[in-house]
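Asks: Let's see this in three dimensions:
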Amino acid sequence: MAARRKASPKLEKIVVTGIAGRLGRLLVRHLHRRGDCTVVGIDRRGFPGKPRDVEHVQVDLRSKKARDVFRAGDVKALIHLGVMHDPRRSGAEHHSWNVQGTQRLLEACATYHVPKVVVLSSANVYGPRADNPQFLSEDAPLMASQDFPAIRDLIEVDMLASSFFWKSSDVETVILRPVHILGAVHNAPSNYLRLPLVPTLLGFDPMVQVIHEEDVVEAVGGALKPGVRGIFNITGPGEVPLSAILEELGRRRLPVLHPFAKSLLELLWRWRFTSFPVPELDHIRYVCMVDGSRATRELGFHARRGLKETIQAVEGRLSDRQPPATIRS
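Replies: Take a look at the predicted model:
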């Protein structure tokens, strides 16, 4: 009699919100390489070029149909990337999507016993301030500007996840707070560095931390390890002055006196000559750097891309020219 074939091990089901975005697509590729899971994505946007073995549930994450993904059972993890960061959307829409949407996802995870939740937040929740210490730990208060709805909602999302961490002790909840993400992503740091004429503030040249989009995806993958839970700052290859980043990219600068910068940027924003929102001015004025040692210690996370590669990621490729002395790969 022919030998009975060994049954294939059952693959874990991982639900990813925001799967149609840049980070979502990169995460799908990363999870495919692991080969130990199936991916179900929730995103109201279309997903052209979707891998055949990825299920895309094209619904609003606040909807009953999104909850049905969890009701079906056997979900081993939720990775929540689907936070809205569009500064041109209204504050009410940001709040409804980000805060109410996240709350409903977390409620579904508690109801249907999802054992792992990973929420991608941002180190921006700490806020750039003149009185910040050199490096902020995960215990630092979340002091980002209350005048910026996108950041205010991100803080609420972060706090919702933190509260869920304590209320649902049977769920391994992980909150990741990466520094400025650079790459083909459409976020404030990458959009700012892609400007042909970059506004800077006279007399200010803050040290900043950046991280490659691929390194962020690897940090998310590392957070899926059994037993990992808590809040982690995710840092890149080091710290560098803003001026050195602009020099590396060969950008022309528009130095502006701080008292006039807000009015000028408001005008440019209103006429859609820039994609850099006014509340982000503090990020090119003050320091907001974080300590990533906990992620190194407990997640084993190390950024694999050097500064040069990380900075050049906003162009979509590595520059062929030699890096200046201030940038080391």
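
Asks: remind me which residues of the stretch 201-329 of the chain are low pLDDT?
Replies: Scanning the stretch 201-329 of the chain for pLDDT under 70 picks out the ranges 275, 317-329.

Asks: now the helices for it?
Replies: 213-223, 242-249, 258-270, 293-294, 307-312 (DSSP state H, counting those that start in this stretch).

Asks: any chance of those in a markdown table, with mean neighbour count and distance to residue 200 too?
Replies: C-betas here are computed from N, CA, C, even on glycine. As requested, the helices of the stretch 201-329 of the chain are exported to a markdown table (neighbours: other C-beta atoms under 10 Å; distance: least, C-beta to C-beta, whole Å):
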| stretch | mean neighbour count | distance to residue 200 |
| --- | --- | --- |
| helix 213-223 | 23 | 24 |
| helix 242-249 | 19 | 7 |
| helix 258-270 | 14 | 9 |
| helix 293-294 | 15 | 31 |
| helix 307-312 | 24 | 16 |
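
Asks: Format these as TSV; extra columns: distance to residue 158.
Replies: TSV is the format used below for the helices of the stretch 201-329 of the chain (distance: least, C-beta to C-beta, whole Å):
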stretch	distance to residue 158
helix 213-223	15
helix 242-249	25
helix 258-270	26
helix 293-294	16
helix 307-312	24
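
Asks: So which of these is nearest residue 171?
Replies: Set against residue 171 and scored by C-beta to C-beta, those come closest in helix 213-223, at 13.0 Å.

Asks: so the spatially closest residue to residue 44 that is not a sequence neighbour is in which element?
Replies: The shortest distance from residue 44 to any non-neighbouring residue, by C-beta to C-beta, 6 or more residues apart in numbering, is to residue 60 (5.1 Å). Counting by DSSP states H and E, no helix or strand carries residue 60.

Asks: Please list all residues in contact with residue 60.
Replies: 44, 66, 101 (C-beta atoms under 8 Å, 6 or more residues apart in numbering).

Asks: which parts of the top helix by length along the chain are buried?
Replies: Longest helix in the chain, counting residues (DSSP state H): helix 149-167. For helix 149-167, burial by neighbour count (16 or more other C-beta atoms under 10 Å) applies to 149-158, 160-162, 164-165.

Asks: Compare the helices of the stretch 201-329 of the chain and report which one is nearest to residue 31.
Replies: Nearest of the helices of the stretch 201-329 of the chain (C-beta to C-beta): helix 213-223, 7.0 Å.

Asks: What is that closest one packed up against?
Replies: Judged by 3 or more C-beta pairs under 8 Å, 6 or more residues apart in numbering; DSSP states H and E, helix 213-223 is in contact with helix 22-34, strand 116-120, strand 172-178, strand 180-182, strand 230-234.

Asks: Excluding its own residues, what touches the longest one? List them.
Replies: When you say that, I think you mean helix 22-34. 14, 16-19, 37, 39, 41, 43, 51, 54, 79, 81-82, 120, 181, 183-186, 213-214, 216-218, 220-221.

Asks: Go again with 7 Å.
Replies: 14, 16, 18-19, 37, 39, 41, 43, 51, 54, 79, 81, 184-185, 213-214, 216-218, 220-221 (C-beta atoms under 7 Å, 6 or more residues apart in numbering).

Asks: Please export the C-alpha coordinates of that helix as PDB.
Replies: Only the C-alpha atoms of helix 22-34 are listed here, as PDB (Å, rounded to 0.1, in the frame of the first residue of the first chain):
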ATOM      1  CA  ARG A  22       2.900  51.100   0.100                       C
ATOM      2  CA  LEU A  23       3.800  49.600   3.500                       C
ATOM      3  CA  GLY A  24       0.900  47.100   3.200                       C
ATOM      4  CA  ARG A  25       2.300  45.900  -0.100                       C
ATOM      5  CA  LEU A  26       5.800  45.600   1.300                       C
ATOM      6  CA  LEU A  27       4.500  43.700   4.300                       C
ATOM      7  CA  VAL A  28       2.600  41.200   2.000                       C
ATOM      8  CA  ARG A  29       5.900  40.500   0.200                       C
ATOM      9  CA  HIS A  30       7.700  40.100   3.600                       C
ATOM     10  CA  LEU A  31       5.100  37.700   4.900                       C
ATOM     11  CA  HIS A  32       5.200  35.700   1.700                       C
ATOM     12  CA  ARG A  33       8.900  35.100   2.200                       C
ATOM     13  CA  ARG A  34       8.100  33.600   5.600                       C
END
